[in-house]
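1. Below are the sequence and a predicted model; questions follow.
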Amino acid sequence: MATAQSPLLYDKVVRVTHVYLGPAADRFIARQVQNHLHKSPQELSPPDLLKLIDWIRLGVSLITDDSEIVEEYANQLLKLAQSPGKSKSQA
Amino acid sequence: MKRTSSALRSYIWLTGLFFLLIITLPANHLTMQQYKLSAVQYHTLLLLVELPLVAVWFAAFYGYAKLEQYATAIRDTPEGPAFQQLANGCKWLAWGLPIPSLLTLLLGAIANNHASFHATTIIIGNYAGLIFPLIAFGFISESGRELIQRAKLNFTATTAKNIQFIFVVLGVIYCYLIFRHLDLHSIAATNNQYFLPVWLLVLTLIIPYLYAWFIGLLAAYDILLIARTAKGIFYQQALRLLASGLAVVIATLIAVQYIRSVLPRSGHLSVSATFILVYAIYAATAAGFILMAAGANRLKKIEEI
């Protein structure tokens, strides 16, 4: 389990996503990880992040035509890739 | 998908039955004389006049089906039950459009051959027009309150005062306009266009209508407030579409009920300024249902991708 000081990478991704998808954020990220990375959300690790961002970008493009916000969202997630949190196995 | 097809199937059945009744039921002699129509011309005119209404029904059934789909998609989430209530409310609103029309058509045909049944037709038509929105606004209001409490939101004192003021003004004008049609010398008199004694009219039509409108307007405000303060750019955009659509639907249906009860039903087809105004408002209702469907569709997409 992650401590309060070092949240799981998954939680960080959800926190960023919350700004864009609100209450649907957790469910959305869990689905992306499970369906496209074939992992449980807690097992999300830094090497998965770029692939996950690609899937998220693709998914979000289906609900909006506003490419600027999509890019802004992807960039926020890319920042996590540069300073990733811990996966469950590392925590 | 299953829910859309179930709603659309219901719509097709209701529309089919409605058209069948329009074509087969005997023509209204009063309308035929008034507009100098033959029976065939009467049925054709009635069909043409009712066509826009059938289009509004379609928008309503499509809208509630989309909202039900979204509610089903999130049924296991914390906000799931509130959206299920909202979908139920919209379902009652949608069914509340064709059922009173069908009932009025059927009863009107009976009254056409049995003049003594005319009063019963008007009374049942008035109650049918009340019961559906009363139940629907109840569901929608419950849903709005639940979502408001979950989001820990509430009215400011100014907003509460404004809502009360608007409601008092609408209510008092409504009572004034209704009472103009009544013989107030005796509360038991039924010689009015509602065919009800004044006391019964007040207790079973005026008060329930005012109550329904009050909770309906409050629910519309609640839903708009939730959408305005919701977190998540994409989520909020979709929720705003849904909330705006729902607010338009509630406001326009209240407007139609207001007009219909202030200007009592005649029981036969009459192409007047009121009739055109009601149709214009119904067009806005249809637009509201379509907006609502678009919002629900977008929210559902967020849950699917």
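-> Nice, I can see it. Numbering: from 1, shown residues only, chains lettered A, B, ... in the order given.
2. in chain B, what residue is nearest chain A?
-> residue B:232 (2.4 Å; CB to the nearest CB). Yep, even glycine has a C-beta here, placed from its N, CA and C like the rest.
3. Could you double-check that that residue lies in contact with residue A:19?
-> Yes - counting by CB atoms under 8 Å, residue B:232 sits close enough to residue A:19 to count as a contact (6.8 Å).
4. Have a look at the two and say which one is more surrounded.
-> Neighbour count, other CB atoms under 10 Å in any protein chain shown: between residue B:232 and residue A:19, residue B:232 has more, with 20 against 17.
5. Any residues of chain A in contact with chain B? List them.
-> Listed as neighbours of chain B in chain A under the rule CB under 8 Å from any CB of the partner chain: A:18-25, A:27-28, A:31, A:59-60, A:62-64, A:69.
6. any idea which helix or strand carries residue B:46?
-> Mapping residue B:46 onto the secondary structure by DSSP states H and E places it in helix B:39-73.
7. Quick check, central residue of chain B?
-> The centre of chain B sits closest to residue B:253, judged by CA atoms, centre = their mean, with a distance of 4.3 Å.
8. What's the separation between it and residue B:224?
-> Summarising the geometry, the distance separating residue B:253 from residue B:224, computed by CB to CB, to the nearest Å, is 16 Å.
9. same question, residue B:146
-> As it turns out, when the distance is counted by CB to CB, residue B:146 lies 16 Å from residue B:224.
10. count of neighbours near residue B:206?
-> Residues near residue B:206, counting by other CB under 10 Å, number 18.
11. and it, which of the three is it?
-> Under DSSP: H, G, I helix; E, B strand; the rest coil, residue B:206 falls in the helix class.
12. Looks like it contacts residue B:179 (just checking).
-> No - taking CB under 8 Å as the contact criterion, residue B:206 and residue B:179 are not neighbours in contact, 9.1 Å apart.
13. so how many other residues sit close to whichever residue of chain A sits closest to chain B?
-> Of the residues in chain A, the one nearest chain B is residue A:22, at a distance of 2.4 Å by CB to the nearest CB. The local packing count at residue A:22 equals 19, with neighbours defined by other CB under 10 Å.
14. what residues are up against the residue of chain B most remote from its centre?
-> Each residue of chain B has a distance to the centre, and by CA atoms, centre = their mean the biggest one is for residue B:305: 33.7 Å. Taking CB atoms under 8 Å, 6 or more residues apart in numbering or on different chains as the contact definition, residue B:305 lies against A:28, A:31, A:59-60, A:62-63.
15. Next, the contact list for the closest residue to residue B:243 other than its chain neighbours, please.
-> Among residues not flanking residue B:243 along the chain, residue B:227 sits closest, at 3.6 Å (CB to CB, 6 or more residues apart in numbering or on different chains). Applying CB under 8 Å, 6+ apart, one finds that residue B:227 lies in contact with B:236, B:239-240, B:242-244.
16. helix/strand/coil for residue B:239?
-> Look at residue B:239: counting by three-state DSSP, its state is helix.
17. Scan the contacts of residue B:227 and report the most crowded one.
-> Each of the contacts of residue B:227 was scored by neighbour count (other CB under 10 Å); the top score is that of residue B:242, with 27 neighbours.
18. Would you mind confirming that that residue is in contact with residue B:300?
-> No - if you go by CB under 8 Å, residue B:242 and residue B:300 don't touch, sitting 10.5 Å apart.
19. Surely residue B:139 is in a strand?
-> No - with three-state DSSP as the criterion, residue B:139 is assigned helix and is not in a strand.
20. does the closest residue to it other than its chain neighbours sit in a helix or strand, and which one?
-> When the adjacent residues along the chain are set aside, residue B:139 lies closest to residue B:89, with 3.3 Å between them (CB to CB, 6+ apart). Remark: residue B:89 resides in helix B:80-95, with elements defined by DSSP H and E.
21. From the contact counts, what lies against that helix?
-> Helices and strands touching helix B:80-95, as assessed by 3 or more CB pairs under 8 Å, 6 or more residues apart in numbering or on different chains; DSSP states H and E, comprise helix B:39-73, helix B:118-150, helix B:233-262.
22. for stretch B:48-62, the distance to its chain's centre please.
-> Stretch B:48-62 sits 13 Å away from the centroid of its parent chain (CA atoms, centre = their mean, to the nearest Å).
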